[in-house]
Each structure stands twice: as C-alpha cells, then as structure tokens.
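Enquirer: Any chance you can model this:
(one chain, ligands or ions: 1)
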Amino acid sequence: MKLHIKNFGCQMNKLDSSLVTSALIDRGFELTDKAVDADVLLMNTCSVRAHAEERVMSHLGHLKRVKKSHPDLIVGVIGCMAQRLGEELLDHPAVDLVAGPANIARIPEMLEEVLKSKNKSIAITEKIRRKNPQTETDTLDKFELAHDSDENHIHGQAFVRVMRGCNNFCTYCIVPYVRGPEISRPPKDIIEQVRRLGEGGIKQTTLLGQTIDAYTYTEGGKTYKLADLLKMVSEVESIEWIRFITSHPGKFDISILQAMADLDKVTPYLHIPAQSGSDRILKAMNRKYTASQYIDLIEKARQILPDISIASDFIVGFPGETEEDFQATVELVKKARFKNSFVFKYSPRPGTDSANNLADDVGEEVKRQRNLDLLAIQNAISEKDSSKLLGRSVKVLVEGLSKKPHVNMTENGNNPQLIGRTATDHIVVFNGPETLTGTFTAIRIEKTSALTMFGKLE
Ligand code: SF4
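Expert: Residues are numbered from 1 along each chain as shown. Got it, this is the predicted structure:
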C-alpha cells in the first residue's frame, strides 16, 4: 500500500507528518513521493493563513475528479484545518478521513478501518481548550516517543517536539484553538528521543514548541525550564548542534540566553517574532510586550551573546494599522537588525478575536506595498550585515544538494552544488562532493548576498 503525504504547514506540521509516516511505515505502508502512485494520500493542513486553506480546498476539488477514475484512492485531511472544519471537511466528496493535530496517534488505526470498511472516519477534539485529560496526553507522549522524526528529511538533522499547543491567544492566531493548551513533554522522554536520534547519526536537533521559551515541566519536586532542558540535551554526547524554535518575547527568560552562552552546542540563533513595532498594534494583537521591551530584550541578547543572529516575523496591515504604526515597525526593524524577517499580510482567520471583532480595514494594495517596503528594508540590512562574513571561514552542517544552481558548476572539480547552514542559520552554497551531506565542513566565504553566502571548501 503506497502512501503520499503532502505538507501545507509549519515545522510543527512537518514533524507531525514525519511521525505519522513513521507509524504507517511500521504498519507496512510504503512512502512514495509521487502523488499519482499513491493508494493513500494524506494532506497535513495549516489554518494560519487563508491562502494555505484555499490551496487545500483547490487540491480537494482536483482529487474529487481524480477519484472518479480511481475510486479506491483514500484521501485524508489531517492537521489544523481538519481540527478547525471537522465534519464540514468530512462532507467533501473527496475526503475519507479527517484527524486533528491532537489525534495523530489514531491515524494508523483509522486508516486501516477506512481501507477495510470504505466508511469515512473522523477524529477531532471537542472543546480543545479544556485541560487535556491525562490519557490523551499520555497517548500523544507515547506516540511521539515511539516514532522519531524522519531523519532523512534533511540528512543528519531531526526535529523533536518539546511542547504542544499555545496559551497566548494573539488575537489574529488560530493556533490556540486548533492545537489546544500548552503542554510540555517530560524531559526524560525528550532526552531518550534525542539520545536515540544521536545514536542513529543525527548531528543537529531542533527542539520545537509554539512558544518554546514557555517550556515548563514539574516532576519529583523539580521544575524544568527551557534552560534546564538545553543543558540536558547538551549532555547527549553524539549531538553537536542544538537549535530551538520559536520564542515569544512576552516572558522570555534571560536564563535561556545565559544557557545559550554557557553551552557550546546551543547555536547562537534566536527566532523571536516581533510582529509589529507599534505599541498600539501590539496591544490590539494581544502580544503582551511593547516595542521598547522587545528592543531591550534584543540588546540584552547581544550583550550576552555578541555573535547571536536573530530572525523575526511581522504582520503588516493588521486592522487599524496606520502609516504611523507601520513606520514604527520600520523603525524597529532598523534598530533590531535582524538576520532575516518573514513578512506576512494580515488575513482574518475565522474564529479568532481579530476576525470576530476588528474590521479588516487596511486595503489590499496598502498591505502589499507595506509588505514590499518592509522586505526591502530588511533586505538592505541583511545584505550589509552578511557582507561581514566575506573572507571568513565558517563551519556549516551540510544539508544536501542545492535546489537551484547558484554558482559555476565547473568549480571544484565538477562537484555538485551543496547547501549548508552555519550555527547562526546563514545559508551557504558551495561546490563539493554529495557525500558531505549530513556532516560538518569548513567553507571560506567568497561572496555574500542578503540571504545566501557563497564559498569554497577549505
Ligand atoms: S504565540 Fe501567538 S502567534 Fe504564536 S502560536 Fe501562540 S497565539 Fe499564535
């Protein structure tokens, strides 16, 4: 039985897909990267932006036609959109299975049942914001522990979830309603998993959490915070680099920065979305910090870790955002000097506070222009700061072949182009043997641009 799984979402979704894939392979499924060859097609969906949901609906429209000639094809919709729309999705003529993120452990069983009975099946969590009963949490913990993320996705790297859900309720965000309340995984499970991944050849682990700096787990009278967890993961010998994403600036604890400074294996990279530089908009977003508090935190990070690279996210065109508010965001970007920023145009998500209570009153053209302007400002900063790497030797973890050609292929004895990342998350393209994939190597930087560096093997 061939399985194809399509991802529409964030790193959290990709990890869920990996775990489900691993569980299905254990049950005899074979993974195919060609959707046309699949007997079972799973779509792991995202609800964070309207565009992601529209893409899924358009795929389903196409699959409805495909199923006319392939009536045995099983189509499952899993992930955040499945939790948000539930029965509405199950009613779609192309859909056989619907499962929300809190129900991924049930997917193998559900699928076997659907294949046998040809009946539709659904597993979503009613009242997802109630404290999950222990049994549900235990089931997810066990599933997570039994199925490691697919280390071949990027050779030598693996993602490990340390917590689920979110308690922040940013007014634009659907995540707390589809992924439920914050629940941290037991440190001993996380360490066991990291150790196993390390033994299997993993060099870098990225710890995942929607608001990872909020990690808290109490056991045997001791409370473990993210700084403690980073120390414990550092003690796993075979792991060489540790990353963690994503942080929330609201209650970010300085002990995390201290742990980053003290622990050589923790890379000096922070993804900490600011979202806006206007206090008025930050308040309307319910972000629980001001622009100056954010800048103070960034400055503190740079005092403790002078080489830290920081990335951010922004939403432009949030309801009520004036030109003055936008200029405050521009100012923040100029002050913070991020390595890179992801900029999104606001789109109201049904069921969120901002969609329910605030008019989407910034015109599409204004949103588009602000998006372009902010990216251009960020680009100029990235270009200037990246140029400081020129001529330097950097250590990269090689991810594999570069997807698009960047430099002359004949350089370096006709070796292919490879792509790697520095500890500071800078992308480096160079020519080298593909066998370097999954290993660390030194590259001399010869050319820089805003987002990509180019160099030669040393
Ligand atoms: S912190 Fe805010 S933006 Fe991030 S997942 Fe939670 S609610 Fe969404």
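Enquirer: So H4 lies in a strand, does it not?
Expert: Yes. Counting by DSSP: H, G, I helix; E, B strand; the rest coil, H4 is located in a strand.
Enquirer: Would you mind confirming that it makes contact with N44?
Expert: No. Taking contacts as Cβ atoms under 8 Å, H4 lies outside contact range of N44: 11.4 Å. All C-beta spots, glycine's among them, are computed from the backbone N, C-alpha and C.
Enquirer: residues contacting I183?
Expert: Residues in contact with I183 (Cβ atoms under 8 Å, 6 or more residues apart in numbering) are 132, 137, 163-165.
Enquirer: Any idea which of those residues the model trusts least?
Expert: When the contacts of I183 are compared by pLDDT, N132 scores lowest at 61.
Enquirer: quick revisit: farthest-apart pair in the contacts of I183, please.
Expert: The largest separation in the contacts of I183, counting by Cβ to Cβ, is between N132 and M163 at 12.4 Å.
Enquirer: So which of the two has more stuff around it?
Expert: Neighbours per residue, other Cβ atoms under 10 Å: of N132 and M163, the larger number sits with M163, 22 against 19.
Enquirer: measure that one to P350 for me?
Expert: 26 Å (Cβ to Cβ, to the nearest Å).
Enquirer: Check which helices and strands the helix or strand harbouring R65 is in contact with.
Expert: In this assignment (DSSP states H and E), R65 forms part of helix 50-69. With contacts taken as 3 or more Cβ pairs under 8 Å, 6 or more residues apart in numbering; DSSP states H and E, helix 50-69 sits against strand 40-45, strand 74-79, helix 80-85.
Enquirer: Of the ones you listed, which shows the lowest average pLDDT?
Expert: Of all the helices and strands packed on helix 50-69, mean pLDDT reaches its minimum on helix 80-85 (a mean of 93).
Enquirer: do that one and the ligand meet?
Expert: No. Using Cβ under 6 Å from any ligand atom, no contact is recorded between helix 80-85 and the ligand, whose separation bottoms out at 10.7 Å.
Enquirer: same check, this time on stretch 247-254
Expert: Yes. Contact of stretch 247-254 with the ligand (Cβ under 6 Å from any ligand atom) involves H248.
Enquirer: from here on, count from 49
Expert: Sounds good: first residue 49 from here, last item stretch 295-302.
Enquirer: Show me which residues of that stretch are buried.
Expert: 295-298, 300 (16 or more other Cβ atoms under 10 Å).
Enquirer: Need those residues in CSV (columns: pLDDT and secondary structure).
Expert: Shown next, in CSV, are these (pLDDT from 0 to 100; DSSP: H, G, I helix; E, B strand; the rest coil):
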residue, pLDDT, secondary structure
S295, 97, coil
H296, 98, coil
P297, 97, coil
G298, 95, coil
F300, 96, coil
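Enquirer: got the residues of the protein near the ligand?
Expert: By Cβ under 6 Å from any ligand atom, the residues of the chain that approach the ligand are 214, 216-218, 221, 223-224, 258-259, 296.
Enquirer: For S282, state which of those is nearest.
Expert: Nearest to S282 among the residues of the chain next to the ligand, with distances taken as Cβ to Cβ, is T259, at 21.5 Å.
Enquirer: and that closest one, what does it touch?
Expert: 211, 214-216, 230, 294-296.
Enquirer: go on, Q252?
Expert: By Cβ under 8 Å, 6+ apart, Q252 lies in contact with 204-206, 287-291, 445.
Enquirer: got a winner among the residues you listed for most neighbours?
Expert: Counting neighbours by other Cβ under 10 Å, the top entry in the contacts of Q252 is A206, with 26 neighbours.
Enquirer: Stretch 268-283 spans what distance, first to last residue?
Expert: Across stretch 268-283, the straight-line distance between its terminal residues is 21 Å, by Cα to Cα, to the nearest Å.
Enquirer: follow-up on the earlier one: quick check: of the contacts of Q252, which lies closest to the ligand?
Expert: R291 (17.7 Å; Cβ to the nearest ligand atom).
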